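Sequence first, predicted model second:
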Amino acid sequence: MEPVQDTYRPPLEYVKGVPLIKYFAEALGPLESFQAWPDDVLISTYPKSGTTWVSEILDLIYQGGDLQKCQRAPIYVRVPFLEFKMPGCPTGFELLEDTPAPRLLKTHLPLALLPQTLLDQKVKVVYVARNAKDVAVSFYHFYRMAKVHPDPGTWDSFLEDFMAGEVSYGSWYQHVQEWWELRHTHPVLYLFYEDMKENPKREIQKILEFVGRSLPEETVEDIVQHTSFQEMKNNAMTNYRTLPSDLLDHSISAFMRKGITGDWKSTFTVAQNERFEAYYAEKMAGCNLHFRSEL
């Protein structure tokens, strides 16, 4: 492991105008030689939108619902994270090279930074979008515990950075809209976190159909149970406690914190909410994407 002062809280680096975690920006060069396979499936989200949840669901689907097989390795090994790079850990690209087909991959990259091979190969994409207010709160706590991010400062200043797209991966507004538009030219299953909370079985059935798989109803019920928030929070293969604690400090905040819809109401002030709503209306004007910020 590198010395602490060299590793933690580096400033974001901009790639094609997109701010990224320093190490992730460094991973993009090697990714240019990545070759997608037509039977790959890409899980894409803006951070803190249910990525690990959908990754576990898809791995269970691919393993025929066999819970034991899904204990074979941590989720970031079973579903390699394309742009992942952290000191002392194998990169996502390195993990991918050891992953047999059919592969599940994960990314948070906006389209401007996505390896072109994924689009050229028409790789199926499962995209998950979550309402912006809950994402902002969850991302703030993630910044606090994941020390590869810059220091988030106060909640008030972080919210301003989030609204301006000056956080890792840039603008939430642009991310959710451009992947929404991609549906017109590319095989994208666009899911909403809130729908998954409301009726996980229904959304899992959509995923099964999209990836061309079928499972007995009782197996689907088992997947619903195994991928509940509490189960995953207690599962060492999904809760990210296997990464070094000096990179992800769970004593500050758990990687899997609450997993609910509407938690923003415990954090936003009335004034912040009014300002956010006005800015949101401006940034999402003309877009037919609709989110629920409470259930």
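Happy to help now that I have it. Numbering: from 1, shown residues only.

For burial, what's the neighbour tally of residue 87?
For residue 87, the neighbour count with other Cβ atoms under 10 Å is 15. The way it works is simple: take the backbone N, C-alpha and C, and place the C-beta from them, glycine included.

hang on, it packs against residue 23?
Yes. Using Cβ atoms under 8 Å, residue 87 is in contact with residue 23, at 7.2 Å.

where in the chain is pLDDT low?
Counting by pLDDT under 70, the chain has low-confidence residues at 1-7, 239-246, 249-257.

Now do the end-to-end distance for stretch 109-127.
By Cα to Cα, to the nearest Å, the extent of stretch 109-127 from end to end equals 12 Å.

can you offset everything so residue one is 19?
Happy to do that; since the first residue is 19 now, the last one works out to stretch 127-145.

Could you list the residues in contact with that stretch?
The list of residues contacting stretch 127-145 from outside it, by Cβ atoms under 8 Å, 6 or more residues apart in numbering, reads 33-36, 38, 46, 49-50, 52-56, 58-63, 72, 76, 100-101, 125, 187-188, 192-193, 196-197, 200, 204-209, 225, 228-229.

Now go through those residues and say which are in helices.
Members of the contacts of stretch 127-145 lying in helices (criterion: DSSP state H): 46, 49, 72, 76, 192-193, 196-197, 200, 225, 228.

So how do I select the buried members of these in ChimeraX?
If you want just the buried ones from the ones in helices among the contacts of stretch 127-145 in ChimeraX, going by 16 or more other Cβ atoms under 10 Å, the selection is:
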select :46,49,72,76,192,193,197,200,225,228
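
I'd like the distance from the helix or strand harbouring residue 137 to the chain centre, please.
Assigned by DSSP states H and E, residue 137 belongs to helix 134-138. Distance of helix 134-138 from its chain centroid, counting by Cα atoms, centre = their mean, to the nearest Å, is 20 Å.

could you pull out the strands for the stretch 19-168 of the chain?
31-33, 36-38, 59-63, 122-125, 142-147 (DSSP state E, counting those that start in this stretch).

Redo those as CSV? Include distance to residue 310.
Listed next are the strands of the stretch 19-168 of the chain as CSV, based on distance: least, Cβ to Cβ, whole Å:
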stretch, distance to residue 310
strand 31-33, 32
strand 36-38, 27
strand 59-63, 17
strand 122-125, 24
strand 142-147, 11
